[in-house]
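S.K.: give me a 3D structure for the following:
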Amino acid sequence: QVQLEESGGGSWQSGGSLRLSCVASEYPNNGYCMAWFRQAPGKERERVAGIAANGATVYADSVKGRFTISRDSGTLYLQMNSLNTEDTAMYYCAARVGWAYCSPSSTAYNYWGRGTQVTVSS
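M.R.: Down below sits the predicted model:
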(Lines give C-alpha, C1' and ligand atoms only; values in the text may rest on other atoms or scores of the structure.)
Protein backbone atom coordinates (compact mmCIF):
# COMPACT_ATOMS: atom_id res chain seq x y z
CA GLN A 1 0.00 0.00 0.00
CA VAL A 2 1.55 3.27 -1.15
CA GLN A 3 0.46 6.37 0.71
CA LEU A 4 0.76 9.74 -0.99
CA GLU A 5 0.46 13.18 0.53
CA GLU A 6 0.54 16.41 -1.45
CA SER A 7 1.47 19.90 -0.27
CA GLY A 8 2.33 23.30 -1.68
CA GLY A 9 -0.98 24.51 -3.06
CA GLY A 10 -2.52 27.89 -2.42
CA SER A 11 -3.57 31.11 -4.13
CA TRP A 12 -1.22 32.71 -6.66
CA GLN A 13 -1.28 35.43 -9.27
CA SER A 14 -0.85 34.90 -12.98
CA GLY A 15 2.76 34.76 -14.00
CA GLY A 16 3.89 33.43 -10.68
CA SER A 17 5.57 30.16 -9.76
CA LEU A 18 5.03 27.49 -7.17
CA ARG A 19 6.23 23.99 -6.42
CA LEU A 20 4.00 21.13 -5.37
CA SER A 21 5.40 18.25 -3.36
CA CYS A 22 4.15 14.71 -2.87
CA VAL A 23 5.66 12.51 -0.22
CA ALA A 24 5.37 8.78 -0.97
CA SER A 25 5.52 6.22 1.80
CA GLU A 26 7.52 3.98 -0.54
CA TYR A 27 8.54 3.55 -4.14
CA PRO A 28 7.77 0.16 -5.71
CA ASN A 29 10.66 -2.10 -6.62
CA ASN A 30 9.14 -2.93 -9.97
CA GLY A 31 8.34 -0.58 -12.81
CA TYR A 32 6.14 2.32 -11.89
CA CYS A 33 4.99 5.75 -12.91
CA MET A 34 4.46 8.69 -10.61
CA ALA A 35 2.23 11.40 -11.98
CA TRP A 36 0.45 14.65 -11.28
CA PHE A 37 -3.17 15.01 -12.29
CA ARG A 38 -5.48 17.98 -11.95
CA GLN A 39 -9.19 18.47 -11.98
CA ALA A 40 -11.00 21.76 -12.38
CA PRO A 41 -14.69 22.16 -11.50
CA GLY A 42 -16.88 20.63 -14.18
CA LYS A 43 -13.94 19.11 -16.02
CA GLU A 44 -12.43 15.66 -16.23
CA ARG A 45 -9.31 14.77 -14.33
CA GLU A 46 -6.32 15.19 -16.62
CA ARG A 47 -2.74 14.04 -16.38
CA VAL A 48 -0.43 17.03 -16.11
CA ALA A 49 2.90 15.23 -16.01
CA GLY A 50 4.37 11.83 -15.28
CA ILE A 51 7.77 10.37 -14.52
CA ALA A 52 8.60 6.70 -14.94
CA ALA A 53 11.01 4.64 -12.89
CA ASN A 54 13.74 5.14 -15.53
CA GLY A 55 13.34 8.91 -15.34
CA ALA A 56 11.43 9.36 -18.58
CA THR A 57 8.96 12.23 -18.34
CA VAL A 58 5.78 13.15 -20.15
CA TYR A 59 3.73 16.36 -20.08
CA ALA A 60 0.36 17.61 -21.17
CA ASP A 61 0.61 20.00 -24.12
CA SER A 62 -0.93 22.76 -22.03
CA VAL A 63 1.97 22.75 -19.55
CA LYS A 64 4.97 21.90 -21.72
CA GLY A 65 7.74 24.41 -21.19
CA ARG A 66 6.12 25.72 -18.01
CA PHE A 67 5.91 22.75 -15.63
CA THR A 68 8.65 20.33 -14.62
CA ILE A 69 8.16 17.03 -12.84
CA SER A 70 10.98 15.54 -10.81
CA ARG A 71 11.60 13.23 -7.90
CA ASP A 72 14.17 13.11 -5.14
CA SER A 73 14.32 10.17 -2.77
CA GLY A 74 10.76 9.66 -1.59
CA THR A 75 9.33 12.97 -2.80
CA LEU A 76 7.73 13.85 -6.12
CA TYR A 77 7.72 17.49 -7.24
CA LEU A 78 5.91 19.61 -9.75
CA GLN A 79 7.56 22.95 -10.47
CA MET A 80 4.97 25.25 -11.99
CA ASN A 81 6.09 28.44 -13.73
CA SER A 82 4.26 31.12 -15.70
CA LEU A 83 1.00 30.26 -14.00
CA ASN A 84 -2.25 31.29 -15.64
CA THR A 85 -5.86 31.14 -14.58
CA GLU A 86 -6.43 27.92 -16.52
CA ASP A 87 -4.05 26.18 -14.12
CA THR A 88 -6.61 26.60 -11.34
CA ALA A 89 -7.57 23.12 -10.18
CA MET A 90 -7.20 20.50 -7.50
CA TYR A 91 -3.86 18.78 -8.07
CA TYR A 92 -3.41 15.12 -7.23
CA CYS A 93 -0.37 12.92 -6.92
CA ALA A 94 -0.84 9.40 -8.30
CA ALA A 95 1.16 6.19 -8.52
CA ARG A 96 0.88 3.41 -11.06
CA VAL A 97 2.55 0.24 -9.84
CA GLY A 98 3.85 -2.53 -12.06
CA TRP A 99 3.82 -0.52 -15.27
CA ALA A 100 6.49 1.98 -16.32
CA TYR A 101 4.17 3.62 -18.87
CA CYS A 102 2.68 6.87 -17.63
CA SER A 103 -0.84 6.44 -18.93
CA PRO A 104 -2.91 9.59 -19.44
CA SER A 105 -5.92 7.74 -18.02
CA SER A 106 -6.61 8.22 -14.33
CA THR A 107 -8.08 4.72 -14.12
CA ALA A 108 -4.62 3.24 -14.72
CA TYR A 109 -3.29 4.51 -11.39
CA ASN A 110 -3.46 2.45 -8.22
CA TYR A 111 -2.85 5.04 -5.54
CA TRP A 112 -3.88 8.64 -5.04
CA GLY A 113 -3.25 11.46 -2.66
CA ARG A 114 -6.06 13.63 -1.33
CA GLY A 115 -5.08 16.58 -3.47
CA THR A 116 -3.95 20.15 -2.98
CA GLN A 117 -5.83 23.16 -4.35
CA VAL A 118 -4.11 25.62 -6.67
CA THR A 119 -5.94 28.84 -7.46
CA VAL A 120 -4.50 31.34 -9.92
CA SER A 121 -5.97 34.82 -10.24
CA SER A 122 -5.40 37.38 -12.95
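S.K.: contact partners for Gln79?
M.R.: 17, 19, 67-70 (Cβ atoms under 8 Å, 6 or more residues apart in numbering). No exception for glycine: its C-beta is placed from N, CA and C like everyone else's.
S.K.: of these, which is the nearest to Ile51?
M.R.: For the contacts of Gln79, the minimum distance to Ile51 (Cβ to Cβ) is 4.9 Å, reached by Ile69.
S.K.: counting neighbours, what do you get for that closest one?
M.R.: The number of residues packed near Ile69 is 21, by other Cβ atoms under 10 Å.
S.K.: now the strands for this structure?
M.R.: Using DSSP state E, the strands assigned to the chain run over residues 4-7, 10-13, 18-24, 32-39, 46-52, 57-59, 67-72, 75-80, 89-97, 111-112, 116-121.
S.K.: Phe37: how many residues sit nearby?
M.R.: The local packing of Phe37 (other Cβ under 10 Å) involves 24 other residues.
S.K.: tell me which of the strands of the chain sits most buried.
M.R.: strand 32-39 (a mean of 24; mean count of other Cβ atoms under 10 Å).
S.K.: give me the most central residue, this structure.
M.R.: Trp36 (1.6 Å; Cα atoms, centre = their mean).
S.K.: check contacts around Leu78.
M.R.: Here Leu78 is in contact with 19-20, 22, 36, 48-49, 67-69, 91 (criterion: Cβ under 8 Å, 6+ apart).
S.K.: right, I mislabeled it, should have said Ser121
M.R.: So Ser121 contacts 11-14, 85 (Cβ under 8 Å, 6+ apart).
S.K.: re the thing from before, between the strands of the chain, which gets nearest to Ser105?
M.R.: The nearest among the strands of the chain, by Cβ to Cβ, is strand 46-52 at 7.8 Å.
S.K.: tell me the angle that closest one makes with strand 67-72.
M.R.: Interaxial angle of strand 46-52 relative to strand 67-72 (axes from the mean of the first three to the mean of the last three Cα atoms, to 10 degrees): 40 degrees.
S.K.: can you list the strands that strand 46-52 pairs with?
M.R.: The strands beside strand 46-52 in its sheet (DSSP bridges) come out as strand 32-39 (antiparallel), strand 57-59 (antiparallel).
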